[in-house]
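Trainee: Here's my sequence, what's the structure:
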Amino acid sequence: LVMGNRNQLLWDIPVIDSFERNRAIYRLERGAYQQTVEELTALLDLDALLDKPVRNLSLGERMKCEIAAALLHKPQVLFLDEPTIGLDVTMQRRIRAFLTEYNQRYGATVLLTSHYMADVEALCKRVVVIHHGLLLFDGQLTELVQRFSPHKTIIVELENGHGDLGNYGEIVASSEGRVSLRVPKAETAQVTGRLLSEQPVLDLTVEDPPIEDVIEEVFERA
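Mentor: From the prediction side, this is the model:
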């Protein structure tokens, strides 16, 4: 269990001493424990942190150590509650990359609760959406997007930097020659063809809407 807003590590002692406490709690054999510490230290870049008291660590450093402490006994089920809360973008990406690698290496199940949709997109294949105690969705992330997102987003960059694109779809953003259009999913191919044949297009991309918009649609239908 790892909770982004609570400590499992002891505040006033070095990180490695908290690891030793967990070794005793889980009755880990010394050799296997030492090997696991070395693996986690390398994967999470903990070398410079192990001898520091937890109180002297930054939030990102503490979270890496909290995750390592939770994995010393190599659990097959890992519960993560807001694991990237308060972390900068770089540290969030590192944590996600590590959790993905841990899942692939050990075949562990990761149960994640998060308000950060980037966590969900990066880590989760199966998604459960709960609102006021009511189960709204339980299934694959791709299925969630397909079911609750009737639109696509077309992002267009024009040679002349501007143009009236309102008749191609709903303009949801426009900045420095780039226009984002929301169009019905069934009309995406037709609208894309029209844009390419009728406008001086420099670049065009088609995207699913942000996962935040999809979740909002789920709540609105509840």
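Trainee: All the helices of this protein, in order from the start?
Mentor: In the chain, the segments counted as helices under DSSP state H are 15-25, 30-44, 59-71, 89-106, 117-123, 141-148, 188-198, 211-221.
Trainee: Format the ones you listed as a markdown table; extra columns: mean neighbour count.
Mentor: For glycine as for every other residue, the C-beta is placed from the backbone atoms N, C-alpha and C. Output for the helices of the chain, formatted as a markdown table (neighbours: other C-beta atoms under 10 Å):
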| stretch | mean neighbour count |
| --- | --- |
| helix 15-25 | 17 |
| helix 30-44 | 15 |
| helix 59-71 | 21 |
| helix 89-106 | 15 |
| helix 117-123 | 17 |
| helix 141-148 | 16 |
| helix 188-198 | 14 |
| helix 211-221 | 15 |
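Trainee: and L50, which of those helices is closest to it?
Mentor: Proximity to L50, assessed across the helices of the chain by C-beta to C-beta, is greatest for helix 15-25 (4.3 Å).
Trainee: so what does the closest one touch, helix or strand wise?
Mentor: Contacts defined by 3 or more C-beta pairs under 8 Å, 6 or more residues apart in numbering; DSSP states H and E place helix 15-25 against helix 30-44, helix 59-71.
Trainee: Next, format the helices of the chain as a markdown table and append mean pLDDT and distance to Y168.
Mentor: Supplementary listing: the helices of the chain in a markdown table, determined by pLDDT from 0 to 100; distance: least, C-beta to C-beta, whole Å:
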| stretch | mean pLDDT | distance to Y168 |
| --- | --- | --- |
| helix 15-25 | 96 | 56 |
| helix 30-44 | 92 | 47 |
| helix 59-71 | 89 | 43 |
| helix 89-106 | 87 | 33 |
| helix 117-123 | 88 | 27 |
| helix 141-148 | 89 | 22 |
| helix 188-198 | 96 | 5 |
| helix 211-221 | 87 | 19 |
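Trainee: Can I get those in JSON lines including distance to I155?
Mentor: Listed next are the helices of the chain as JSON lines, based on distance: least, C-beta to C-beta, whole Å:
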{"stretch": "helix 15-25", "distance to I155": "45"}
{"stretch": "helix 30-44", "distance to I155": "36"}
{"stretch": "helix 59-71", "distance to I155": "32"}
{"stretch": "helix 89-106", "distance to I155": "21"}
{"stretch": "helix 117-123", "distance to I155": "18"}
{"stretch": "helix 141-148", "distance to I155": "17"}
{"stretch": "helix 188-198", "distance to I155": "11"}
{"stretch": "helix 211-221", "distance to I155": "15"}
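Trainee: looking at the protein, which residue lies furthest from center?
Mentor: What lies farthest from the middle of the chain is E198; by C-alpha atoms, centre = their mean that is 38.2 Å.
Trainee: I'd like the distance between it and V89.
Mentor: Note on E198: its distance to V89, by C-beta to C-beta, to the nearest Å, is 38 Å.
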